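In: what follows is a predicted protein model with its sequence.
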Amino acid sequence: MSVRLIFMGVPDFAVSVLASLLHSSCEVVAVYTQPDKRAGRGQKFVSPPVKEFAMGYGITVVQPETLKSAEVLRGIAELEPDLIAVAAFGQLLPGELLSLPRYGCLNVHPSLLPLHRGPSPVVHAILCGDRTTGVTIMLMDEGLDSGPIIAQRAVDISPESDAGVLASELASVGGELLRETLPGWIAGEIEARAQDGAQATYSALISGGEGKMDWHLCAEELWRRVRAYNPWPGCYTYWKGKRLKVAKVIPLGSVAEGRIGEVVALPEPVRAGVIVREGVLGLRELQIEGKRSVSIKDFILGRRDFIGSVLP
C-alpha cells in the first residue's frame with residue numbers, strides 16, 4: 001500500500017528531511033511552504049529553499065499565507081494525505097488539520113524534547129552549553145512542540161560546531177530517523193509516549209540585534225554566543241566606525257591584563273584577544289564591513305593599530 005504524504009517545511013533544514021523522504025516508501029503528493037519573500041538590496045522575491053528543491057523533482061508546491069483558511073484546508077483534504085510530515089515550517093497546525101490524516105502529523109524537531117521546545121532549539125542548545133542535543137520525531141498536537149514522542153536520536157555537540165554546522169548535522173540525522181521510523185509507525189508497531197511537561201524548556205525566537213558583543217560577559221559565554229549566532233544574526237562589534245563581525249573565537253583564562261573591551265596581543269597561535277569580565281576572548285577570525293572574513297593574523301597585518309584599541 002502506498003502512503004500519500006504531504007510535506008511542510010521552509011529552510012535548508014527541511015530540504016534534508018524532504019530529500020530523505022523521497023527515498024522512502026511514501027509518495028510525496030505535495031509540499032507546503034511559506035510564500036516567497038523580498039530580500040537583499042534589490043528586494044527581489046526569494047523562494048524558500050524547500051520550494052526550489054521540490055520543484056526540481058516536479059513536486060507540487062503550495063504557498064499559503066496561513067493554514068487556517070477554509071480554502072487551504074479544503075485543498076489539503078482533497079489531496080487525501082495519509083500522513084503529514086513537518087520540519088521547520090514556522091506555523092502551528094490547526095486542530096482540523098491535525099486530525100485529517102490517518103497516521104497523523106509528524107514533526108521533526110532538532111532537540112531532545114521536552115528540552116528546547118520552540119523556534120530556535122539549535123541556537124539555544126549551544127547558548128546553554130549543552131554537550132549533547134538530538135532530534136525528536138513527534139506526533140503533533142495543538143501545543144508548541146508538546147506532542148507525544150515517537151522516536152529520538154542523540155547527537156554530540158562538537159566544541160567547534162556553530163549553529164549552521166549543527167543544524168545541518170541534525171537535519172541529516174532527522175531525515176534518516178524519520179525514514180527509518182515511518183514503516184513501524186504506519187504498521188502500528190510503535191507507541192508514542194507522552195512528554196514530561198515538567199522537564200520542558202523553551203527556546204525564544206532570535207532577533208537580529210542579539211549578536212552585538214558585550215565584553216562585560218565572561219569569555220565562555222561570549223564563545224558560545226559567537227557559535228550560536230553563526231550564521232545568523234552573527235556576532236559583531238565596531239572598530240573605527242565600521243561594523244566588525246566576530247566570526248570565530250576561543251575562550252582563554254586570565255592570560256593578559258587590561259581594561260574591558262581592550263584588544264591585547266597574545267602569543268602564538270592566537271595572536272590577539274579582547275579583555276572581558278572573566279578571562280580573555282581569543283580572536284581567530286574577523287570580518288570588517290565591506291571586506292571578506294580573514295584570520296586574525298591577516299587582519300592584524302593590515303591594521304597594526306588594532307592592538308591596543310578599545311572596542312565598544
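Out: Thanks, I have the structure now.
In: how near is residue 247 to residue 163?
Out: When distances are taken as CB to CB, to the nearest Å, residue 247 and residue 163 turn out to be 13 Å apart. For glycine as for every other residue, the C-beta is placed from the backbone atoms N, C-alpha and C.
In: okay, and the common contacts of those two?
Out: For the pair residue 247 and residue 163, residues contacting each of them under the criterion CB atoms under 8 Å, 6 or more residues apart in numbering are residue 230.
In: tell me which stretches of the stretch 1-150 of the chain form helices.
Out: 12-21, 49-56, 70-78, 95-98, 121-127 (DSSP state H, counting those that start in this stretch).
In: and the gap between the closest residue to residue 90 other than its chain neighbours and residue 120?
Out: Nearest non-adjacent residue to residue 90, counting by CB to CB, 6 or more residues apart in numbering: residue 10, 5.8 Å away. Computed as CB to CB, the residue 10 to residue 120 distance reads 14 Å.
In: can you give me the strands in the stretch 101-250 of the chain?
Out: Along the stretch 101-250 of the chain, the segments classed as strands by DSSP state E, counting those that start in this stretch run 105-109, 132-139, 149-156, 236-239, 242-252.
In: which elements pack onto the third one?
Out: Read it as strand 149-156. Other helices and strands packing on strand 149-156, by 3 or more CB pairs under 8 Å, 6 or more residues apart in numbering; DSSP states H and E, are strand 132-139, helix 163-186.
In: the longest one to strand 105-109, inter-axis angle?
Out: For helix 163-186 against strand 105-109, the angle by axes from the mean of the first three to the mean of the last three CA atoms, to 10 degrees is 150 degrees.
In: with the first one instead?
Out: Calculated by the same axes, to 10 degrees, strand 132-139 forms an angle of 170 degrees with strand 105-109.
In: which elements pack onto strand 132-139?
Out: If contacts are counted by 3+ CB pairs under 8 Å, 6+ apart, strand 132-139 sits against strand 105-109, helix 121-127, strand 149-156, helix 163-186.
In: what does the second one rub up against?
Out: Taking contacts as CB under 8 Å, 6+ apart, the residues outside helix 121-127 that touch it are 109-111, 115-116, 118, 133, 157, 161-163, 166-167, 170, 201, 203-204, 206, 224-225, 227-229.
In: now do the buried residues in stretch 121-134.
Out: Going by neighbour count (16 or more other CB atoms under 10 Å), the buried part of stretch 121-134 is 121-127, 130, 133-134.
In: and the average pLDDT for that stretch is what?
Out: The average pLDDT for stretch 121-134 rounds to 98.
In: kindly report the same for stretch 45-58.
Out: The predicted model assigns stretch 45-58 a mean pLDDT of 96.
In: end-to-end on it?
Out: End-to-end distance for stretch 45-58: 21 Å, by CA to CA, to the nearest Å.
In: mind listing what's buried in it?
Out: Of the residues in stretch 45-58, those buried under the neighbour-count criterion (16+ other CB under 10 Å) are 47-51, 53-54.
In: same thing with stretch 282-292?
Out: Taking 16+ other CB under 10 Å as the neighbour-count basis, stretch 282-292 is seen to contain the buried residues 282-288.
In: how far out from the middle of the chain is that stretch?
Out: 23 Å (CA atoms, centre = their mean, to the nearest Å).
In: quick one on the thing from earlier: just put the helices of the stretch 1-150 of the chain in JSON lines and tack on distance to residue 262.
Out: Conversion of the helices of the stretch 1-150 of the chain to JSON lines gives the following (distance: least, CB to CB, whole Å):
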{"stretch": "helix 12-21", "distance to residue 262": "38"}
{"stretch": "helix 49-56", "distance to residue 262": "42"}
{"stretch": "helix 70-78", "distance to residue 262": "56"}
{"stretch": "helix 95-98", "distance to residue 262": "55"}
{"stretch": "helix 121-127", "distance to residue 262": "25"}
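In: nearest to residue 294, out of those helices?
Out: Checking the helices of the stretch 1-150 of the chain against residue 294 by CB to CB gives helix 121-127 as the closest, at 23.9 Å.
In: now do that closest one: distance to the chain's middle.
Out: Remark: helix 121-127 is offset 8 Å from the chain centroid, using CA atoms, centre = their mean.
In: hang on, the earlier thing: which of the helices and strands packed on strand 149-156 sits closest to residue 242?
Out: For the helices and strands packed on strand 149-156, distance to residue 242 was read as CB to CB. The smallest value, 24.1 Å, belongs to helix 163-186.
In: where does the prediction get shaky in the chain?
Out: Where the chain drops to pLDDT under 70, the residues are 1.
In: distance check, residue 81 against residue 28.
Out: Remark: distance between residue 81 and residue 28 (CB to CB) = 10 Å.
In: likewise residue 269?
Out: Taking CB to CB as the measure, residue 269 and residue 28 are separated by 48 Å.
In: hang on, the earlier thing: got JSON lines for the helices and strands packed on strand 132-139, with distance to residue 195 too?
Out: As requested, the helices and strands packed on strand 132-139 are exported to JSON lines (distance: least, CB to CB, whole Å):
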{"stretch": "strand 105-109", "distance to residue 195": "11"}
{"stretch": "helix 121-127", "distance to residue 195": "14"}
{"stretch": "strand 149-156", "distance to residue 195": "6"}
{"stretch": "helix 163-186", "distance to residue 195": "17"}
